[in-house]
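> sequence unavailable; structure follows:
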């Protein structure tokens, strides 16, 4: 799949679609950082916020312009429900090395997941995994849900989209070529996903319109899926306009998944 991004990566579009920040701080009490080698001397920083040993880990791919340390103030929403949150950066974000490309965004996600799965003892809790992708992170989450149908127990997409091709059109950015193959392949990928899924979107999202979230929801092949629209929310305030509704949706989704044997 990563090969389909070559036209985008070799154009001027990454400068419009990635907003890497080098901000990084020490983890707060109870949290800790993990470094995942992805290529040569390049590593990706992930930050773990343990909640309860009785619940699975939620591997979270954040939105554009964000870094793992932004979640120091958000993770308590999850931890108070016992949810284990593990937030992954991208190349060039926070303390992670390299420069971001869509090709690496896709390929690094699998490397990160495989590495973290092997650290069950280090992480504690259940060695059971769910995915969450916010905005840009929906690309990584969808890729992994399709690639690991047995290992991934559930999928949450927040403010997300099926393909970056649709986002490029919505933002009025110059197309580097025919993006139809990319969009068609991601529609097929999304349709193959069978895990239980939760899609959360803001009612008034102007960056990634609600129609894109509904399109993703309709295309998902999951038999068990739910769409939650946060009234009055835009793209960047969706977690805060009605934080109880937001975290209730995630908590209820996780609690409703089949228990591990």
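Arrived safely. All values reported here derive from a predicted model rather than from experimental measurement.
> right, and the helix or strand after the helix or strand bottoming out on mean pLDDT in the chain?
Least confident element among the helices and strands of the chain, by mean pLDDT, DSSP states H and E: helix 120-123 (a mean of 72). For helix 120-123, the following helix or strand on the C-terminal side (DSSP states H and E) is strand 129-134.
> just name whatever secondary elements that following strand is in contact with.
strand 57-61, helix 102-117, helix 137-147, strand 152-158 (3 or more CB pairs under 8 Å, 6 or more residues apart in numbering; DSSP states H and E). Every residue, glycine included, has its C-beta placed from N, CA and C.
> parallel or antiparallel, list what pairs with that strand.
strand 57-61 (parallel), strand 152-158 (parallel) (DSSP bridges).
> which of these sits closest to residue 8?
The closest of these to residue 8 is strand 57-61. By CB to CB, the value is 18.0 Å.
> run the chain-centre distance for stretch 108-125.
Distance of stretch 108-125 from its chain centroid, counting by CA atoms, centre = their mean, to the nearest Å, is 15 Å.
> nope, stretch 38-45 is what I meant
That offset, for stretch 38-45, works out to 19 Å (CA atoms, centre = their mean).
> can you mark which positions in that stretch are buried?
38, 42-45 (16 or more other CB atoms under 10 Å).
> just the residues you listed now: which is nearest residue 18?
Closest to residue 18, out of all of those and judged by CB to CB, is residue 44, at 14.5 Å.
> pretty sure the closest one sits in a strand.
Yes. With DSSP: H, G, I helix; E, B strand; the rest coil as the criterion, residue 44 is part of a strand.
> quick one: it and residue 96 touch, right?
Yes. Under the criterion of CB atoms under 8 Å, residue 44 makes contact with residue 96 at 4.7 Å.
> which residues do those two both contact?
Overlap of the contact sets of residue 44 and residue 96 (by CB atoms under 8 Å, 6 or more residues apart in numbering) consists of 89-90.
> still on that earlier bit, as JSON lines, the strands paired with strand 129-134 with distance to residue 225 and mean neighbour count would be great.
Rendered in JSON lines, the data for the strands paired with strand 129-134 read as follows (distance: least, CB to CB, whole Å; neighbours: other CB atoms under 10 Å):
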{"stretch": "strand 57-61", "distance to residue 225": "17", "mean neighbour count": "26"}
{"stretch": "strand 152-158", "distance to residue 225": "9", "mean neighbour count": "24"}
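> any chance of those strands in a markdown table with distance to residue 235 as columns?
Shown next, in a markdown table, are the strands paired with strand 129-134 (distance: least, CB to CB, whole Å):
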| stretch | distance to residue 235 |
| --- | --- |
| strand 57-61 | 16 |
| strand 152-158 | 10 |
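> can I get those in TSV with mean pLDDT and distance to residue 6?
TSV is the format used below for the strands paired with strand 129-134 (pLDDT from 0 to 100; distance: least, CB to CB, whole Å):
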stretch	mean pLDDT	distance to residue 6
strand 57-61	96	21
strand 152-158	97	25
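> and the contacts of stretch 88-105?
Contacts for stretch 88-105 (CB under 8 Å, 6+ apart): 2-3, 5-6, 8-9, 14, 17-18, 20-24, 33, 36, 38-39, 41-46, 59-62, 66-69, 108-109, 112, 136, 139-140, 164.
> swap that for stretch 203-223, sorry
Here stretch 203-223 has contacts from 135, 138, 155, 157, 159-162, 166-167, 170, 187, 190-197, 199-202, 225, 227, 229-236, 238, using CB under 8 Å, 6+ apart.
> what about it, how long is it end to end?
24 Å (CA to CA, to the nearest Å).
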